[in-house]
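Peer 1: Give me a 3D structure for the following:
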Amino acid sequence: MRALRSVVLAAAVLLLQAGVASAQEAVKIGVVDIDQAINATEQGKSAREELNKKRKAGAAQLKPLIDKGRALSEELQSKRFVLSEEALYQKQLDLAKIQADVQAQMTALENDYKIAQEELLNPLRKKLVETIDEIAKSEGFTVIMERNTPGLLYSKEALDVTDKVIARFNKKG
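Peer 2: This next block holds a predicted model:
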């Protein structure tokens, strides 16, 4: 019981100190959507275009194998009752191999895409955080929080500094 009173008392003292500090200095809060900022900056748009090219190249690489599997599947359906048991079994094995190859290539391409995404977007994210820090210091923000942060359930639109971050980031180049 005594420990609980000590904790409550300590919390009350901290709240009073925070109240005194905020009475002396105005609190300025901002909110930024980093994902929106990444997508809206020139470098972010360029990175997205490069990622889209990688995704399309991967799809083009898979297309012949998928088409081959589709054709074999259609052949199996149309000739199921005409083929010998051994020929049918062999075509089913071939189809299973193609399906496994497609799945393996899809997994490899997705992993490559994720790596490319990290390589392209993480440096941008780091630069954006530096830009946010500059804005916070130059404009006297007490805190700038990320919009999609757990715990941030609501914020007024007027607190959003995403457009400022995008403009300053693009200006820096």
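
Peer 1: Which helix or strand contains the spatially most central residue of the chain?
Peer 2: Among the residues of the chain, the smallest C-alpha distance to the mean C-alpha position (Cα atoms, centre = their mean) belongs to Asp35, namely 7.3 Å. The secondary structure element spanning Asp35 is helix 34-40 (assigned by DSSP states H and E).

Peer 1: do Gly30 as well
Peer 2: Using DSSP H and E, the element containing Gly30 is strand 29-32.

Peer 1: Who are the packing partners of that strand?
Peer 2: Judged by 3 or more Cβ pairs under 8 Å, 6 or more residues apart in numbering; DSSP states H and E, strand 29-32 is in contact with helix 85-138, strand 143-146, helix 162-172. In short, each C-beta sits where N, CA and C put it, glycine included.

Peer 1: Mind doing that once more with 7 Å?
Peer 2: Contact partners of strand 29-32 among helices and strands, from 3 or more Cβ pairs under 7 Å, 6 or more residues apart in numbering; DSSP states H and E: strand 143-146.

Peer 1: Sheet-wise, list the partners of the strand it packs on with their directions.
Peer 2: Within its sheet, strand 143-146 is paired with strand 29-32 (parallel), according to DSSP bridges.

Peer 1: quick one on the thing from earlier: other residues contacting the strand holding Gly30?
Peer 2: Applying Cβ atoms under 7 Å, 6 or more residues apart in numbering, the external contacts of strand 29-32 come out as 132, 141-147, 155, 159-162, 165.

Peer 1: Pull out the buried members of those residues.
Peer 2: The neighbour-count criterion (16 or more other Cβ atoms under 10 Å) marks 132, 141, 144, 147, 160-162, 165 among the contacts of strand 29-32 as buried.

Peer 1: In a markdown table: those residues, plus pLDDT and distance to Gln77.
Peer 2: As requested, those are arranged in a markdown table below (pLDDT from 0 to 100; distance: Cβ to Cβ, whole Å):
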| residue | pLDDT | distance to Gln77 |
| --- | --- | --- |
| Ile132 | 94 | 57 |
| Phe141 | 90 | 65 |
| Ile144 | 91 | 59 |
| Arg147 | 89 | 51 |
| Asp160 | 88 | 56 |
| Val161 | 92 | 59 |
| Thr162 | 92 | 53 |
| Val165 | 91 | 56 |
